[in-house]
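J.: what follows is a predicted structure for the sequence shown.
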Amino acid sequence: MQPLKIQNTLTGKKELFKSITKGFVGMYVCGPTVYSNVHVGNVRTFMSFDMIYRYLLHIGYKVRYVRNITDAGHLTDDASEDKISTKARLEKLEPMEIVQKYTVDFHKILQKYNLLPPSIEPTATGHIVEQIEAVQQILDAGLAYIVNGSVYFDVLKYNETNNYGILSKRKIEDSIENTRVLEGQSDKKNPQDFALWKRAEPEHIQRWNSPWSQGFPGWHLECTVMSTKYLGEQFDIHGGGMDLKFPHHECEIAQSEACNHKAPVKYWMHTNMLNLNGKKMSKSTGNHILPQEIYTGNNDILSKAFSPSVTRFFMMQAHYSSILDLSNEALLASEKGYNRLMEAIKNLNKLESTSSSTINIEAWKQKCYDAMNDDFNTPILIAHLFEAVKYINLIKDKKESITKQDLEILAETIKVFTYEVLGLTSSLQTNDDSDKLTGVVELLIQLRKEAKENKNYALSDEIRDKLLEKGIQLKDNREGTTFSI
Ligand SMILES: [Zn+2]
């Protein structure tokens, strides 16, 4: 079997994976900022690391997976106010009320897409003391300075002895964060410097006491502090979306080096973007979809609702480091593929074994592991799963034969990769329930039809809307009404 290799964005190379402590893996992934609904692109990132987490567990590692919640202001260096406070004033809520609302939403969505919870989900506000200590450490190391109650990391000074740009491969002169700051508005010595602690303006709601001012920590600091606290000064894997590579992850490395004088992470992993209909997603252009709109079908770009498992299958059909384009057509194609896979798994117990095999199942199984060991190559794994679908259909038609033992290996392997590793949920496990559900929905469709015939449109609309709230979409067409769950 091929050993596990990981594309390390720090070195730009695919490297043999060797954990710092044998048998154990420490993995940190930058979590969401909980001031708005989770973006579907973020769902893809978290789903990719969920698959990685699942595979590491499957091959026997004990994994401590830490994914944080950013619930203190997600600020840019020179922002006079942070996003959580802004939203709080707009909606007239306490910041922690906003945080609670969107944390619940985040968990609900991830659960819907069958993501396992991380081992630890620490919050930024729960680690203010540690962040203040880290700022002090960086000040003591002479790599930060105080201006008007705010503390900034001295990037140029750090770069004299270290390499600021080691991850993003940016030169120091190109590493100026793209913030719209008017001349003279910033307290920073150099435009590259970033905030470790910001003094709070009077209107700022979230604030804590510190030796420098009443204020709040810089965004980059929480990940450094929480990863160090739970995984140690050096740990195995740090992940996130590639948009976080600079400045966020570059700053994390600099802060850790300043505090602990060692590189914090062995393998940096970055997931790629999710586009919509060939274009970047953006709320302002309307080229945008929420994760819940995919399974309710409640978005004009979709012809129907797609189940979370179909969407998950669609995402797993691309390598985590490739750009993926979401579209109605792509989801329809994935739905067909997913159904074909489920159908084959259902057919497994109809297969009859014989005294000899005409298929080399061990070699096939090996290829599945080799695909995953090659930097978690899920599209290749899925291609192998479809090879198994072909075998199953041929065996069913008596065109190939298989022994009892090989059949057990085939069934076990296809199920392990489909459910345990890719994290798909079976459309079969709930067959009884789904039959009942279909019956109930058909009954409601009939009642709605009668309501319409009696010109009771309010009731007919209510049935449609209430079903949609539950994720069941009705579509009226010439032949009658169809539904998707
Ligand atoms: Zn982070």
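T.: Sure, I can see it. As the structure is a computational prediction, the values presented were derived from the model and not from experiment.
J.: can we go C-alpha only for contacts and neighbour counts from here?
T.: Noted.
J.: next, count neighbours for R340.
T.: Under the neighbour criterion other Cα atoms under 10 Å, R340 is assigned a count of 14.
J.: ok, it - contacts?
T.: Contacts were defined as Cα atoms under 8 Å, 6 or more residues apart in numbering; by that measure R340 touches V389.
J.: so how far is L326 from it?
T.: For R340, the distance to L326 under the criterion Cα to Cα, to the nearest Å works out to 20 Å.
J.: quick check: pLDDT value at the residue of the stretch 51-200 of the chain found nearest the ion.
T.: Scanning the stretch 51-200 of the chain for proximity to the ion using Cα to the ion identifies N68 as nearest, at 7.6 Å. We have a pLDDT of 98 for N68.
J.: can you check the one 5 residues further on too?
T.: Note on G73: pLDDT of 69.
J.: same thing with D78?
T.: Predicted confidence (pLDDT) at D78: the value is 37.
J.: what residue in the stretch 101-250 of the chain comes nearest to the ion?
T.: Evaluated by Cα to the ion, the stretch 101-250 of the chain has C223 as its residue closest to the ion, separated by 4.6 Å.
J.: what's the neighbour count on that residue?
T.: For C223, the number of neighbouring residues by other Cα under 10 Å comes to 29.
J.: from what I see, it and C30 are in contact.
T.: Yes. Here C223 lies in contact with C30, judged by Cα atoms under 8 Å, at a distance of 7.1 Å.
J.: intersection of neighbour lists for the two?
T.: Common contact partners of C223 and C30 (Cα under 8 Å, 6+ apart): N68.
J.: hmm, back to that, identify the residues contacting the residue of the stretch 51-200 of the chain closest to the ion.
T.: V29, C30, G31, P32, I120, E121, P122, T123, A124, C223, M226.
J.: out of these, who has the most neighbours?
T.: For the contacts of N68, neighbours were counted by other Cα under 10 Å; the highest total belongs to C223, with 29 neighbours.
J.: other SSEs contacting whichever helix or strand Q131 is part of?
T.: When elements are defined using DSSP states H and E, Q131 is found to belong to helix 128-140. Other helices and strands packing on helix 128-140, by 3 or more Cα pairs under 8 Å, 6 or more residues apart in numbering; DSSP states H and E, are strand 215-217, helix 219-231, helix 250-260.
J.: avg pLDDT for whichever helix or strand comes after the longest one?
T.: Downstream of helix 219-231, the first helix or strand assigned by DSSP H and E is strand 235-241. Model confidence over strand 235-241, given as mean pLDDT, is 98.
J.: and strand 235-241, is it in reach of the ion?
T.: No. In this structure, strand 235-241 remains apart from the ion according to Cα under 5 Å from the ion; the gap is never smaller than 7.4 Å.
J.: partners of that strand, with directions?
T.: strand 24-29 (parallel), strand 265-271 (parallel) (DSSP bridges).
J.: once you drop chain neighbours, what's closest to S282?
T.: Computed as Cα to Cα, 6 or more residues apart in numbering, the closest residue to S282 that is not its neighbour in sequence is H288, at 5.5 Å.
J.: check L424 too.
T.: Skipping the residues right next to it in sequence, L424 comes nearest to S309 by Cα to Cα, 6+ apart, at 5.5 Å.
J.: for E408, give its distance to E352.
T.: When E408 is compared with E352 (using Cα to Cα), they lie 11 Å apart.
J.: returning to that earlier point: where does the residue of the stretch 101-250 of the chain closest to the ion land on pLDDT?
T.: Looking at C223, its pLDDT stands at 98.
J.: out of the helices and strands packed on helix 128-140, deepest packed?
T.: Mean neighbour count (mean count of other Cα atoms under 10 Å) peaks for strand 215-217 among the helices and strands packed on helix 128-140, with a mean of 26.
J.: with distance to T103 added, can I get the helices and strands packed on helix 128-140 in TSV?
T.: Below are these laid out as TSV (distance: least, Cα to Cα, whole Å):
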stretch	distance to T103
strand 215-217	20
helix 219-231	17
helix 250-260	24
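J.: how about the ones you listed, which one is nearest Q446?
T.: Of all the helices and strands packed on helix 128-140, it is helix 219-231 that lies closest to Q446, at 54.0 Å by Cα to Cα.
J.: which neighbouring elements make contact with that closest one?
T.: Contacts defined by 3+ Cα pairs under 8 Å, 6+ apart place helix 219-231 against strand 24-29, strand 62-67, helix 128-140, strand 194-199, helix 250-260.
J.: from the chain's centroid, how far away is that helix?
T.: 19 Å (Cα atoms, centre = their mean, to the nearest Å).
J.: neighbouring contacts of it?
T.: Here helix 219-231 makes contact (Cα under 8 Å, 6+ apart) with 26-28, 30, 64, 66, 68, 72-76, 122, 124, 127, 130-131, 134, 196, 233-234, 248-249, 251-253, 255-256.
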